[in-house]
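*Asks:* Sequence first, then the predicted structure, then my questions.
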2 protein chains.
Amino acid sequence: MSASAPILRTIYTGPFVHSASLSELEICENGFIGVDENGIIAFVEKESNLEAVQERHSWQDAIPVHLKGNAFLFPGFIDTHTHAPQHPNNGLFGKTTLLDWLQKYTFPMESSFTDLKRAEAIYRNFVSRTLSHGTTTAAYYATIHVPATNLLADICLARGQRALVGRVCMNSDLSPEYYRDASVSQSVVDSKASIDYVRSIDPKGSIVRPVVTPRFAPSCTTECLTEIGKLAKDEDAFIQTHISENKGEIALVKELFPSSKSYTDVYDTHNLLTPKTILAHAIHLSTEERKTILARGSSLSHCPCSNTAITSGCAPIRELLDEGHTIGLGTDVSGGFHPSILENVRHAIWTSRHLALQSELGDKAKLSTEEALYLATRGGAAVVGLADKVGGFDVGKEFDAQLIDLGNVEAGGSNDSQFDAGPVDMFGWESWPEKVEKWVYAGDDRNTTAVWVRGRLVHKTRRYVGAQANGVATP
Amino acid sequence: MSASAPILRTIYTGPFVHSASLSELEICENGFIGVDENGIIAFVEKESNLEAVQERHSWQDAIPVHLKGNAFLFPGFIDTHTHAPQHPNNGLFGKTTLLDWLQKYTFPMESSFTDLKRAEAIYRNFVSRTLSHGTTTAAYYATIHVPATNLLADICLARGQRALVGRVCMNSDLSPEYYRDASVSQSVVDSKASIDYVRSIDPKGSIVRPVVTPRFAPSCTTECLTEIGKLAKDEDAFIQTHISENKGEIALVKELFPSSKSYTDVYDTHNLLTPKTILAHAIHLSTEERKTILARGSSLSHCPCSNTAITSGCAPIRELLDEGHTIGLGTDVSGGFHPSILENVRHAIWTSRHLALQSELGDKAKLSTEEALYLATRGGAAVVGLADKVGGFDVGKEFDAQLIDLGNVEAGGSNDSQFDAGPVDMFGWESWPEKVEKWVYAGDDRNTTAVWVRGRLVHKTRRYVGAQANGVATP
């Protein structure tokens, strides 16, 4: 599972599923995906047979991986917004909403990342967790600490998980004295140090890339935002921050930046809205703000688990999609309570149903299963600047994939109730669209039995290893 | 795991958690629960030691079960509303809402239960599934078929899961010709036959009890409802049905029963509202309807996963609790997409947060973690008529419990990412309230390693068996 092990030309034979477009899912029951030594998808064939495919491409030496049973390949998930150091706080939010939650749970946890041993345990565990949920790419917020941030980048690179890794900038007195940048220059110098380090360990940015990360407007002074905007421009770097998550937060921004027209305007006037900017939440934006974001080409990260858990609101994703915004999903651990993008696929749908119930839009507010899966893959890929590289099984893209294995209900049902194959019950009469729907609404990490990034196996469960021993679903 | 194996006097030593009241959770870190040969809780002691407890109760011969690590006992969950034959449709609802969902998914599936082999496979699987999620009591809707309904009761009795088992009555032409009672007398005769059978296999109703089950008002003619009301009275039986789930459904009821004042009034005028009546959903009730239900002493089953999934609405549970209603949680498989009450605990909280976002009540609409757990245990016990028997660890109650084991993050974090202990990450510094909160918001069936009903072990995972071999958490 080393990220540096060589890979061999491989033909994955069996069903695959991916987004053909925002509203269409392609389910190919009899597919052949050829992945070359560089992890690039060399060909995608449908309705053929292995020998013919091998001959057609002169790939007789390629290793076939046969998918058997209720198994299919799906593109790796892309998490466009998450906070790795908050992982131990998952599920802890009590009765708080955004601003008191930050003070009670978040800042005390993040400030402890001066301790590199602690940081290592948490980051290793979190990267393992997100890989186990099929996340092949994540946009991570780290903390203000350069060594711990760099360590997170090391771990992602070693494990082979694509990542944007951001050292957090926060110099205003919203943050407690024990956890904030001492000065604007410290914000800039430390951010630059982390950018340089991440680029030194992966010069081409094939796996890890740096991201300039002003926490959110209230965490930074206007001087800090100005300098951070300059840094991002000088470094031609990605930028990530939060926007319009909570009404109290919006009021605070108005108070802190009285000369700005809006929350969006704060970022815009500090040159932080670029085509490489990822804005998380975007729940309560005005029409004008949406237009500005669209005009700048910035992207949105929708974090439905978080928005419900800390009662932030329901982002109007269906409308934002219609307006042409680029949108992905984010787990927002630990405002969100789950590191899984699949859980957020479901919650994106639930949130849209709550919008349908409460707004004049009615059913028009609803996201379909297809749309939510698009956001989790191709949508997310566009948000993190990888639209041409990952998100679907297209020739020329890199092979970032998860093997979804749904298992089978034993004939006659079971009295044993071990359910090692996970939470989905397949009785054998389901159509392929139903298999996919059952996975979306009832599946979990137990169904993600193997994960690849750039053609390299980066996670495998014991069930996958067992199948390997039996010559199924593996070389 | 046979339901008829003898049980021995046992002292469970270690942490236990249960509801002290609607708003308070009791977490006892050092508890001793003595369970006698009949599965009755003989004593509950706190902050003592095993020898002293054994001596005080002259229970030196009792078998001690030691809980170790991040493990605690929690009362078994009570599912107050679910449809066992719809289990294979879990996760399948597409773009439908209630009335078209019934026609497209539900009736075709349920009608297939003339095939007893098929029924057996599905029911055995479903009872195993619900047990594995810690459900020790369930109120099941079966189908219109007497043999398959009786088989469900047999399976529950054999597996030792408490159940209300209801043969569904539906004679109106809302249901397709291929799946409805041929006449009012068939509704009555078949329902009576199933009641008699269930009482014959468990005369005291210790594990399985019958429940009169008119599907919902639109499924039954007024004559049928009248006769079913009489049957329930004659048999002194529980009644379960649906109420006020969806606005289209409410309009339909108004059309079908023009002389009734309301949906509630339809049931009331047919003598179907009794202290033994369970009404599922109750989303859009008027103030007057709520008063009638309260006056009749009928109970409510809140099904938040279902209500969100098929866009029915948000039941105002916080208000209903304040008014004094008796309320439990229901999974409502397969309108709901998950057989787990824990998932519905979370969704009860999410639904209440969406109500808080959209209604004038604001934060007053929110259910707390404590309240949602109460609904899942003591609330549900009251709904199914077992308030004096189960729902908490009180002397004189029967021991229905689940062992929650949260595991431990390996020192240094893991590069392995097998996560056999389940989805919760315990780093070792969590307080007990935080452990419980992490389980509630991030846990799943992997954390429920053993389940007891009336003191008898009815489900155990391999992890529990492994612990048993090591002398931990077991005799």
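*Replies:* Sure, I can see it.
*Asks:* What residues of stretch A:112-124 count as buried?
*Replies:* Within stretch A:112-124, the residues scored as buried using 16 or more other C-beta atoms under 10 Å in any protein chain shown are A:Ser112, A:Phe113, A:Arg118, A:Ala119, A:Glu120, A:Ala121, A:Ile122, A:Tyr123, A:Arg124. No exception for glycine: its C-beta is placed from N, CA and C like everyone else's.
*Asks:* Show the average pLDDT along whichever strand or helix holds the fifth one.
*Replies:* Taking DSSP states H and E as the criterion, A:Glu120 maps to helix A:116-132. The pLDDT scores in helix A:116-132 average 96.
*Asks:* and that helix, what does it pack onto?
*Replies:* helix A:146-159, strand A:448-453, strand A:456-460 (3 or more C-beta pairs under 8 Å, 6 or more residues apart in numbering or on different chains; DSSP states H and E).
*Asks:* among the buried residues of stretch A:112-124, which two are most distant?
*Replies:* Farthest pair in the buried residues of stretch A:112-124 (C-beta to C-beta) is A:Ser112 and A:Arg124. Separation: 15.8 Å.
*Asks:* Pull the distance from the helix or strand just after the helix holding A:Glu120 to the chain's centre.
*Replies:* Per DSSP H and E, helix A:116-132 leads on to strand A:135-141 as the next helix or strand towards the C-terminus. Centroid displacement of strand A:135-141 relative to its chain, using C-alpha atoms, centre = their mean, to the nearest Å, is 5 Å.
*Asks:* swap in stretch A:282-292?
*Replies:* Worked out by C-alpha atoms, centre = their mean, stretch A:282-292 lies 23 Å from the chain centre.
*Asks:* got a list of contacts for that stretch?
*Replies:* Here stretch A:282-292 makes contact (C-beta atoms under 8 Å, 6 or more residues apart in numbering or on different chains) with A:243-247, A:250, A:261-265, A:268, A:273, A:293, A:300-302, A:307, A:312-315, A:320, A:323, A:325.
*Asks:* change it to 10 Å
*Replies:* For stretch A:282-292, contacts defined as C-beta atoms under 10 Å, 6 or more residues apart in numbering or on different chains pick out A:242-247, A:249-250, A:261-265, A:267-268, A:273, A:279, A:293, A:298-303, A:307, A:312-317, A:319-320, A:323-325, A:327, A:351.
*Asks:* low pLDDT regions in chain A?
*Replies:* A:1-6, A:411-417, A:466, A:468-475 (pLDDT under 70).
*Asks:* Buried ones among the contacts of stretch A:282-292?
*Replies:* Using 16+ other C-beta under 10 Å, the buried ones in the contacts of stretch A:282-292 are A:242-246, A:249-250, A:262-265, A:267-268, A:273, A:279, A:293, A:298-303, A:307, A:312-317, A:319-320, A:325, A:327, A:351.
*Asks:* Give the bridge partners for the nearest residue to A:Ile341 once chain neighbours are set aside, please.
*Replies:* Of all residues not flanking A:Ile341 in the chain, A:Phe77 sits nearest, at 3.7 Å (C-beta to C-beta, 6 or more residues apart in numbering or on different chains). Listed beta-bridge partners, A:Phe77: A:Thr135 (assigned using DSSP bridges).
*Asks:* and A:Phe77, how many neighbours?
*Replies:* Residues lying near A:Phe77 (other C-beta atoms under 10 Å in any protein chain shown) number 29.
*Asks:* what does the one 4 residues further on give?
*Replies:* Each residue near A:His81 was counted by other C-beta under 10 Å, and the total is 33.
*Asks:* Which of the buried residues of stretch A:112-124 sits closest to chain B?
*Replies:* Nearest to chain B among those, counting by C-beta to the nearest C-beta, is A:Arg124 at 3.1 Å.
*Asks:* surely that closest one meets A:Ile155?
*Replies:* Yes: contact status for A:Arg124 versus A:Ile155: in contact at 5.7 Å, counting by C-beta atoms under 10 Å.
*Asks:* near chain B too, which of the contacts of stretch A:282-292?
*Replies:* A:Asn307, A:Ser312, A:Gly313, A:Cys314, A:Thr351 (C-beta under 10 Å from any C-beta of the partner chain).
*Asks:* Excluding covalently adjacent residues, which one is nearest to the last one?
*Replies:* Distances taken as C-beta to C-beta, 6+ apart put A:Pro304 closest to A:Thr351, at 4.3 Å, once the chain neighbours are dropped.
*Asks:* separation between the residue in the stretch 151-300 of chain A that chain B sits nearest to and A:Val453?
*Replies:* Of all residues in the stretch 151-300 of chain A, A:Arg159 sits closest to chain B, at 7.1 Å by C-beta to the nearest C-beta. Distance, A:Arg159 to A:Val453, by C-beta to C-beta, to the nearest Å: 9 Å.
*Asks:* Those two: who's more crowded?
*Replies:* Shown here are A:Arg159 and A:Val453; by other C-beta under 10 Å, A:Val453 has more neighbours (26 against 22).
*Asks:* Nice, that's everything, thank you.
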